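> Attaching a predicted model along with its sequence, questions to come.
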Amino acid sequence: MAEQLYNAVFIGSIYALFALGFALVFSVLDILNLAHPTVFMLGAFVALFAIGTLGLPWFVALAIAVLVTGLFGIVLDRVAFAPLRRRGAPALSSMISSLAVSLIVVRLVELRYGGDFITFPAGAVPAFVLRVGDATLEGIRLAIVVLSVALMVGLTYVLRRTQLGRDLRALAENPRAARLLGVDVDRAIAATFFVSSALGGLAGVLLAFAYNTLDSRMGVPLELRAFTVMVVGGMGSLPGAVIGAYILGFGEVASLVYLPTELRDAFAFGLLFLVLVVRPTGLLGQKSPDRV
Amino acid sequence: MDALFDFLRTYSTTIAVIGVSALLALSVWVTLYAGQLTLGNAAFMAVGAYVAALLGRHLDAPFPLALLIGAFAAALLALPLGAIVFRLRGVYLAIATLAFGEIVRVILLATPITGKGQGLNGIPPTTELWHIYLSLLIVAYVLWRVQGSTIGRAWAAIREDEIASASQGIAVGQHKLAAFVIGALIAGWAGGLSAHVTFSIDPSDFGFTKAVQVLVFAVVGGVPNVLGPILGAGLLTALPEVLRPLRDYRDIFQGAILLLVIIYLPRGLVTFVDVRRTRRLSRIGAVDVA
Amino acid sequence: MLLETVGLTKRFGGVTAVDRVDLRIVAGEALGLIGPNGAGKTTLINLISGVVGADGGTIRLSGADVTGLPAHRLAALGIARTFQGVRVFKGLTVHDNVLIGRHTRMRSDVLARLLPRPRDMADPDRARSLSLIERVGLGRRRSDVLAGELPYGDQRRLEIARALASEPRLLILDEPAAGMNPTESAGLRALIESLRAEGLTILLIEHDVRLVMDTCQRVAVLNFGRKIADGTPAEIQRDPAVREAYLGTEAVA
């Protein structure tokens, strides 16, 4: 039972880290970045490259992965989103362009590493166990939970207390007004993508460390769950995304007990569909789903 | 003449796949034309495939009847989508259709009669090329005629401006639902055909990846008319086959083309056909997918 | 009595945009609706045309209660409107725009189209659309132009043609003269007059108060969501409450 709880908190934290990046871009720019699961996967593979090919220690690999994915996020915006923004294209076009980038990047990774599961070189990833009562828990998961919570607090601080945070919130409210009020919109957007992708990449590395495996399609299940998380928590709401992530994490672990394995995915989609039908704005949603 | 038959025989699977892909692309086109993005058509294809195959195997149903029932099963399943279609727009709708599609796929995965994860094997290869292409011809013709009818115009109006459309007396929700149901019908039919070309089917054939691929065909080909999706499906399926050495790079290819098209040619490749109109549309800022 | 609202109310969050408004429109008349910016005029007609739902009150069309009916049902019942700031279907041709306006009066031709048709079949809808296009002052030759390519004033005309295509009983015009020069408003006035002469009932929202006073038999005035006056143009001009609402504006004088 303790183990289930532990896992639920752990998986909820991963979902939360991932969803935060996703929700950040949506709340500031009103677009769904369908390449987000790809930066998740990219983070893990950059870490693999750093450890396996460059022989670097895990914490350096982690830092590099975060940096690289953050930068990739900025490039992603330049390539896939900025041209569409200039034209005033609808949100759906951005979904498709990010999808296109996703296709390319995933395939590139597969060409280098293949499509199968890969494990990190032995001993490269720190692993320790905790004994709580008569349960044996993997320590790295606890570290991840702590790190996630710290990041969430940090992000909240940045958004509420710093100039950058104010700029981002202004941009989210009203882009035109923000520009007129002197907000450096390009810088703010670049920062948004950096942070969002860095968070996504970090989540990827952490998950890969925790399970000691990664593969080119590891982002896909997360992408679909991110939708659920955002819709349940309320699209465009960052605290909502966090709450939604933990609800999903707990719900999934609980459903594993009662449902056959094949239906595990069904919980996430069922919840998503249900919320969309009954209460599309979710728990803390601010953006009405009636507006495109 | 012999050379032609040889060609057909060697490439018959590819040609079959192109035909089925074109049908699927048309199924997505219908909803795109009405301004809606759907990611659930892979699931409808799955329903058509499984129902047709199972009817043939367990009830010895004649091929055309099995296909028909499969298609109608898919269309029927699309009706509950009405619950969301009436209220959601844009990305919410896309996500909801995706979720719906995934739910269907997961249920297929869990139902014993469908063979669960292993899927169904040993499906008789009853489909002939002419089945596929006759279907394609009929579907394309019907959609082309519908495009110019009151319903087609209503869809175009909805795509442009839903509120103004409603003020003209168009029942927006019903028209959108009709587009979804028709799309599901076509996808189901295509699924049934497809199942009898490949020997086996399993749920992973019909997941998110498939849904995305079908969408890509429709978008790259273009929305303005029915030729678009057919062109898109044909081009994107045939090109990697033709350029053998590029097989491994097929996805990169598709991704790159998709990216270029959505940024520079949002109404798809078929806009080359009517360049003047496209230029006029881009001048008034009305040039976009949906 | 063609249209009647009783106690019609609409709230948005904490703001009451329309506050217990009683409005009466008699068949065959042109009723003007004026008021300062933000008075609730557009919201009121959004309520009447079904674009938004009311929070209170009733709407009656020829005596029948139509409160809560969605926009497309009201359109079928004979209410047509134009929008403030023009909402034509930009990517579609002028002709298609008008044909869509005719949606409620056209029978679905899908089945007929599936069969090959003799070429020379006369199409009454097409003929009617073209004559409407001419009537509002757009040339028949422009019917294949994309609506988005038209100059603003012509888009406005197109919207009116589209609204007329459904053969409505009540035509609602939301600030049709905005940005028009005197020649154009004269043309608009003439059009409204000729439509009224044919028996069409018109509800006209306008900031060009002179146009309203010259064209309408009766005028209603809104301020802060409430109707503050209702009468002939002459009565309205003398009404002290109206003067106060337009505090300092020359327009009413």
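Received the coordinates, thanks.

> So what would you say the end-to-end distance of stretch B:193-207 is?
This stretch, stretch B:193-207, spans 18 Å end to end (CA to CA, to the nearest Å).

> tell me the contacts of residue C:48?
Contacts for residue C:48 were tallied using CB atoms under 8 Å, 6 or more residues apart in numbering or on different chains; they are C:3, C:5, C:59, C:74, C:79, C:172, C:203. Just so you know, the C-beta spots here come from the backbone N, C-alpha and C atoms, and that holds for glycine as well.

> Surely residue B:240 is in contact with residue B:252?
No: the criterion here is CB atoms under 8 Å, and residue B:240 misses it with residue B:252 at 10.1 Å.

> Looking at the contacts of residue C:48, spot the one nearest residue A:259.
Each of the contacts of residue C:48 was checked against residue A:259 using CB to CB; the closest is residue C:74, at 47.4 Å.

> Quick check: chain neighbours aside, which residue is closest to the closest one?
Spatial nearest neighbour of residue C:74, excluding adjacent residues (CB to CB, 6 or more residues apart in numbering or on different chains): residue C:50 at 4.2 Å.

> What is the neighbour count of the closest residue to residue B:179 other than its chain neighbours?
Spatial nearest neighbour of residue B:179, chain neighbours left out: residue B:34 (4.2 Å); criterion: CB to CB, 6+ apart. Using other CB atoms under 10 Å in any protein chain shown, residue B:34 is surrounded by 26 other residues.

> I'd like the distance between residue B:34 and residue C:240.
53 Å (CB to CB, to the nearest Å).

> Report the contact partners of the residue of the stretch 51-200 of chain C found nearest chain A.
Distance from chain A to each residue of the stretch 51-200 of chain C (CB to the nearest CB) is smallest for residue C:52, at 11.6 Å. By CB under 8 Å, 6+ apart, residue C:52 lies in contact with C:10, C:43, C:46.

> Going along the chain, name the helices of the chain.
All of this is about chain A. Secondary structure of chain A (DSSP state H): helices located at A:2-29, A:36-48, A:58-76, A:82-87, A:91-113, A:139-161, A:163-173, A:175-180, A:185-211, A:219-233, A:238-258, A:264-278.

> should've been chain C
Secondary structure of chain C, counting by DSSP H: helices at C:41-49, C:71-76, C:94-101, C:110-114, C:124-135, C:152-164, C:182-197, C:209-215, C:233-238, C:240-245.

> mean pLDDT lowest for which of those helices?
Within the helices of chain C, confidence is poorest for helix C:110-114, with a mean of 72 (mean pLDDT).

> gap between that one and the chain center?
Offset of helix C:110-114 from its chain centre (CA atoms, centre = their mean, to the nearest Å): 33 Å.

> Show me what it is packed up against.
helix B:129-147 (3 or more CB pairs under 8 Å, 6 or more residues apart in numbering or on different chains; DSSP states H and E).

> The closest residue to chain A within chain B: neighbouring residues, count only.
The nearest approach of chain B to chain A comes at residue B:255, 3.3 Å away (CB to the nearest CB). Neighbourhood size, residue B:255 [other CB under 10 Å]: 22.

> Would you mind measuring from residue A:276 to chain B?
5 Å (CB to the nearest CB, to the nearest Å).

> How confident was the prediction at the residue nearest to residue B:179?
The per-residue pLDDT reported for residue B:34 equals 90.

> Would you mind confirming that it makes contact with residue B:162?
No: counting by CB under 8 Å, residue B:34 stays clear of residue B:162, with 10.1 Å between them.

> Quick one: list the elements packing against the one helix or strand residue B:50 maps to.
For residue B:50, the element it lies in under DSSP states H and E is helix B:41-59. When contacts are defined as 3+ CB pairs under 8 Å, 6+ apart, helix B:41-59 sits against helix B:12-33, helix B:63-78, helix B:90-110, helix B:172-195, helix B:208-221.

> angle of it against helix B:208-221?
For helix B:41-59 against helix B:208-221, the angle between stretch directions is 120 degrees (axes from the mean of the first three to the mean of the last three CA atoms, to 10 degrees).

> does residue A:149 really touch residue A:17, like I thought?
No: with contacts counted by CB under 8 Å, residue A:149 stays clear of residue A:17, the gap being 9.9 Å.

> ok, these two, which is more surrounded?
Between residue A:149 and residue A:17, counting by other CB under 10 Å, residue A:17 is the more crowded of the two (28 against 15).

> these two touch, right, residue A:212 and residue A:125?
Yes: at 5.8 Å, residue A:212 and residue A:125 qualify as touching, with contact defined as CB under 8 Å.

> Name the residue in the two with the higher neighbour count.
residue A:125 (19 against 15).

> got the residues of chain C near chain B?
Chain C comes close to chain B at residues C:49-51, C:70-72, C:75-76, C:80-81, C:83, C:87-92, C:96, C:99-101, C:103-104, C:106-110, C:113-114, C:146, C:148-149, C:162, C:166, as judged by CB under 8 Å from any CB of the partner chain.

> Okay, the closest residue to residue C:66 other than its chain neighbours and chain B: tell me how far apart.
Setting aside the residues directly before and after it, residue C:66 is nearest to residue C:59 in space (CB to CB, 6+ apart), at 5.4 Å. Distance of residue C:59 to chain B, computed by CB to the nearest CB: 16 Å.

> Bridged to residue C:59, which residues?
Beta bridges link residue C:59 to residue C:5, judged by DSSP bridges.

> Report the contact partners of residue A:137.
A:2-3, A:6, A:129-131.

> who does it bridge with?
residue A:130.

> shouldn't residue B:103 be in contact with residue A:270?
Yes: counting by CB under 8 Å, residue B:103 does reach residue A:270; the two are 6.2 Å apart.

> quick one, what contacts residue 158?
If you meant another chain, say so; for now it's chain A. Shown in contact with residue A:158 (CB under 8 Å, 6+ apart): A:164-165, A:195.

> wait, I meant chain C there
Going by CB under 8 Å, 6+ apart, residue C:158 touches C:88, C:94, C:97-98, C:133, C:136, C:138, C:147, C:150.

> Many thanks, have a good one.
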